[in-house]
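**Q** next comes the sequence, and after it the predicted model I'd like to discuss.
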Amino acid sequence: MSSIVGLGRGLRWVIVLSFALVVAACAQSPTDHNMAGAGGGNVTPGTNQDFVVNVGDRIFFTTDSTSLSSQARETLNRQAQWLRLYPQYQAVVEGHADERGTREYNLGLSARRANVVRDYLVSQGIPASRLRTNAYGKERPVASCNDESCWSQNRRAVTAISSGPTS
Amino acid sequence: MMKTLLILVFAVVLAGTFSGPAHAQLEIDVTQAHVEPVPIAITSFGGDTEYGDRIAEVVADNLRRSGLFRPIDRAAFIEQPGFDSTPNYANWRMINADGLVVGRASRQPDGQLLAEFRLWDIYGQRQLTGQQFQTSAENWRRVAHIISDAIYERLTGESGYFDTRVVFVSESGPKTERVRRLAIMDQDGHNLRHLTNATNEIVRNPRFSPTRQEITYVSQELGDTARVYLFNIETGQREVVGEFPNMSFAPRFSPDGQRIVMSLQQGGNANIYMMDLRTRQTTRLTHSPSIDTSPSFSPDGNRIVFESDRGGRQQIYVMNADGSNQERISFGQGSYGTPVWSPRGDLIAFTKLSGGRFSIGVMRPDGSGERILTEGFHNEGPTWAPNGRVIMFFREVPGAEGGPQLWTVDLTGRHEHPVRTNSFASDPAWSPLLN
């Protein structure tokens, strides 16, 4: 906890509380499996775990689409809020596609998804210099079945924060 | 890595056999929509017990898979003809053989393999072709493929495609942590070897150089950007193609082997660029706020077919090689991607996505004459045999344990065969004829 420089104790408590509310709201989403059942109680704020568990590191897309759903925007708003709070972190937005497309196009599609997310985070005040994008096409699914229940999890953009604070 | 292959070739002619009366010509008209496979008898290449049968088997397998031939079961043969004598034509007519391949394999005192064959026209009662090959014994498969090509060529009037190789992506491990390695093999799946071994690298879309022992492909180390590379098959060395700020992908050589056409990512869009490998100069060919990718040259080098979603979904477009006159050619139901121009120039093969199904089809370069050759849950990524008669692609079947496998289909769509590999396999690219 002492690694969070410049934050008063009172303010830190406010943050933890607001994250806990967000978690409760997100646990209802069937696709936000990473957060399902997660509690914010024993996660250290400002850590990678905090970002993944309490903020939500990924958003999902519909088939062949790069549009941000309202739920995706909410997640990205939280990501932006968190990145503003912890300016020492940089982030790579990784775009992915499901298996229901051709390889080259899906690589392009996943790059476009990553860019949409990056642009949104920039619009929320995150300097572009802190953000990179990368694209994996359909080659890195997280769910391996051959139906929509898996494809919907694989059509995603994951915001990966750098493992440690940068100078 | 790859040994230089020295094969000495001689014509084999029996005195007088070309002067016989030509009653019927044993020839296959491959321009027909449906060709009845020609029954052909292929005898053991007797002499050397180690290679005689195996060469005959490889030849028979090649010809059978082409769909144009029906090798007759050896158990039906009435005679085992001598290599240096004229066959008893009546014995072969009796088992309905139109053609007869007689061969002989033997080891020379220095260990070299001497393989000979003759192709007989049973109804025309004459030898159609005959050749002799001398090479080191380890090349016996190549000799069998070259013999297959000679038979195919003599009977169809078109060049064969058996003495060729396929580079592809060998896949292993679970879907979520798939290891992808470049691999190369003979077109029939034998002599497979891996070209890359890294487990933290995604490889995609390998393509042969038409002129050198070289491959272009996409490599992406996990955590890093995808980039186009050149890979030397003989030395195993690789180099990145150009220094670009963002991802480069979907590369293909020009027919002269001097240029690479590929997609470069810029923000959310991908456009098509050409790089001259000698001057390293890059020319931009498309300028659209869309995903323009999968470029493929026409065999004369004058035009490029590619896919773009500029109209809302993936469709196929053709342009001049300088980027001018971009025209959409696909207008059917669904989306179209991965266009590949036939080496004959007459057709473009593609992947079609329609109704949740993935098919492989062909259309003419003006978009007319669309035909679907194979259709199912997932078929993708066609590549042409060098004679433009057969297409290889990869197919995935549903199931968590499933994975991609290579298949071939001929232009009639009637002859579909799996290509056996010892792992999952995707992204095949057929080589030109070896020489």
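**A** Happy to help now that I have it.

**Q** helices and strands around the helix or strand B:Phe393 falls within, which ones?
**A** Here B:Phe393 sits within strand B:390-396, counting by DSSP states H and E. Applying 3 or more CB pairs under 8 Å, 6 or more residues apart in numbering or on different chains; DSSP states H and E, one finds that strand B:390-396 contacts strand B:357-363, strand B:371-376, strand B:378-384, strand B:404-410, strand B:424-430. Placement of C-beta: from N, CA and C, glycine included.

**Q** contacting residues around the most centrally placed residue in chain A?
**A** Nearest to the centroid of the C-alpha atoms of chain A, with distances taken as CA atoms, centre = their mean, sits A:Asp57, at 2.4 Å. Neighbouring residues of A:Asp57 by CB atoms under 8 Å, 6 or more residues apart in numbering or on different chains: A:34, A:51, A:79, A:158-161.

**Q** how far does the strand holding B:Phe393 sit from its chain's centre?
**A** Strand B:390-396 sits 10 Å away from the centroid of its parent chain (CA atoms, centre = their mean, to the nearest Å).

**Q** pull up the pairing partners for it, direction included.
**A** strand B:378-384 (antiparallel), strand B:404-410 (antiparallel) (DSSP bridges).

**Q** quick one: the strands in chain A?
**A** Ranges of strands in chain A, per DSSP state E, are A:58-60, A:91-95, A:131-135, A:156-161.

**Q** I'd like to know which of those is closest to chain B.
**A** strand A:131-135 (5.9 Å; CB to the nearest CB).

**Q** now the closest one - C-alpha only, CSV.
**A** The C-alpha coordinates for strand A:131-135 follow below in CSV (Å, rounded to 0.1, in the frame of the first residue of the first chain):
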residue,chain,number,x,y,z
LEU,A,131,-0.8,3.6,-25.3
ARG,A,132,0.3,1.1,-27.9
THR,A,133,-1.8,-1.3,-29.9
ASN,A,134,-1.1,-4.9,-31.1
ALA,A,135,-3.2,-7.3,-33.1
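
**Q** mind listing what B:Val59 touches?
**A** B:42, B:101, B:103, B:144, B:147-148, B:151.

**Q** what's the closest of those residues to B:Ser342?
**A** Taking CB to CB as the measure, B:Ser342 sits nearest to B:Ser148 out of these, at 21.3 Å.

**Q** quickly note the distance from the residue nearest to the centre of chain A to B:Thr225.
**A** Remark: distance between A:Asp57 and B:Thr225 (CB to CB, to the nearest Å) = 20 Å.

**Q** one more: B:Met392?
**A** Plainly put, B:Met392 is 29 Å away from B:Thr225 if you go by CB to CB.

**Q** settle it for me: which of these two has more neighbours?
**A** Using other CB atoms under 10 Å in any protein chain shown, the more surrounded residue of B:Met392 and B:Thr225 is B:Met392, with 22 against 18.

**Q** so that one sits against B:Asn379, correct?
**A** No - with contact defined as CB atoms under 8 Å, B:Met392 does not reach B:Asn379; the gap is 11.1 Å.

**Q** intersection of neighbour lists for these two?
**A** B:Trp407.

**Q** neighbours of B:Ser288, just the number please.
**A** A count of neighbours around B:Ser288, defined by other CB under 10 Å, yields 16.

**Q** does it touch B:Ser308 like I think?
**A** Yes - using CB under 8 Å, B:Ser288 makes contact with B:Ser308 at a distance of 6.4 Å.

**Q** which one of the residues in the stretch 1-150 of chain B is closest to chain A?
**A** Counting by CB to the nearest CB, the stretch 1-150 of chain B gets nearest chain A through B:Arg65, at 25.9 Å.

**Q** is the closest residue to that residue other than its chain neighbours bridged to anything, and to what?
**A** Excluding its sequence neighbours, the residue lying closest to B:Arg65 (CB to CB, 6 or more residues apart in numbering or on different chains) is B:His417, at 5.2 Å. Beta-bridge partners for B:His417, by DSSP bridges, are B:Thr408.

**Q** okay, now the unreliable bits of the chain?
**A** In the absence of a named chain, chain A is used. For chain A, applying pLDDT under 70 flags the ranges A:1-41, A:163-167.

**Q** could you do chain B instead?
**A** Across chain B, the ranges flagged by pLDDT under 70 are B:1-25, B:30-34, B:400.

**Q** biggest helix in it, by residue count?
**A** Longest helix of chain B, by residue count under DSSP state H: helix B:140-156.

**Q** which residues does the next helix or strand after that helix contact?
**A** Using DSSP H and E, the helix or strand that follows helix B:140-156 in sequence is strand B:165-172. Contact with strand B:165-172 is made by B:178-187, B:192, B:194-195, B:203-204, B:206-208, B:215, B:217, B:383, B:392, B:394, B:403-404, B:406, B:419, B:421, B:423-431, B:434, as judged by CB under 8 Å, 6+ apart.

**Q** do stretch B:346-355 as well
**A** A:100-102, B:296, B:305, B:314, B:316, B:329-330, B:332-342, B:358-365, B:372, B:379-384, B:388, B:391, B:393, B:411.

**Q** returning to what we had before: right, and the strands of chain A - which one's nearest B:Phe244?
**A** So among those, strand A:131-135 is nearest, using CB to CB, at 13.6 Å.

**Q** parallel or antiparallel, list what pairs with the closest one.
**A** Here strand A:131-135 is paired, per DSSP bridges, with strand A:91-95 (parallel).

**Q** so how far is the partner strand from its chain's centroid?
**A** 8 Å.

**Q** between that strand and strand A:156-161, how big is the angle?
**A** Angle, strand A:91-95 to strand A:156-161, by axes from the mean of the first three to the mean of the last three CA atoms, to 10 degrees: 160 degrees.

**Q** and the contacts of strand A:91-95?
**A** Outside strand A:91-95, the residues that touch it by CB under 8 Å, 6+ apart are A:79, A:83, A:109-115, A:117-118, A:121, A:126, A:130-136, A:156-162, B:223.

**Q** going through those, which ones are buried?
**A** Buried residues within the contacts of strand A:91-95, defined by neighbour count using 16 or more other CB atoms under 10 Å in any protein chain shown: A:79, A:83, A:109-115, A:117-118, A:121, A:126, A:130-136, A:156-161.

**Q** mind putting the contacts of A:Asp57 into JSON lines with distance to B:Leu114?
**A** Shown next, in JSON lines, are those (distance: CB to CB, whole Å):
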{"residue": "A:Asn34", "distance to B:Leu114": "66"}
{"residue": "A:Phe51", "distance to B:Leu114": "70"}
{"residue": "A:Gln79", "distance to B:Leu114": "72"}
{"residue": "A:Val158", "distance to B:Leu114": "61"}
{"residue": "A:Thr159", "distance to B:Leu114": "66"}
{"residue": "A:Ala160", "distance to B:Leu114": "62"}
{"residue": "A:Ile161", "distance to B:Leu114": "68"}
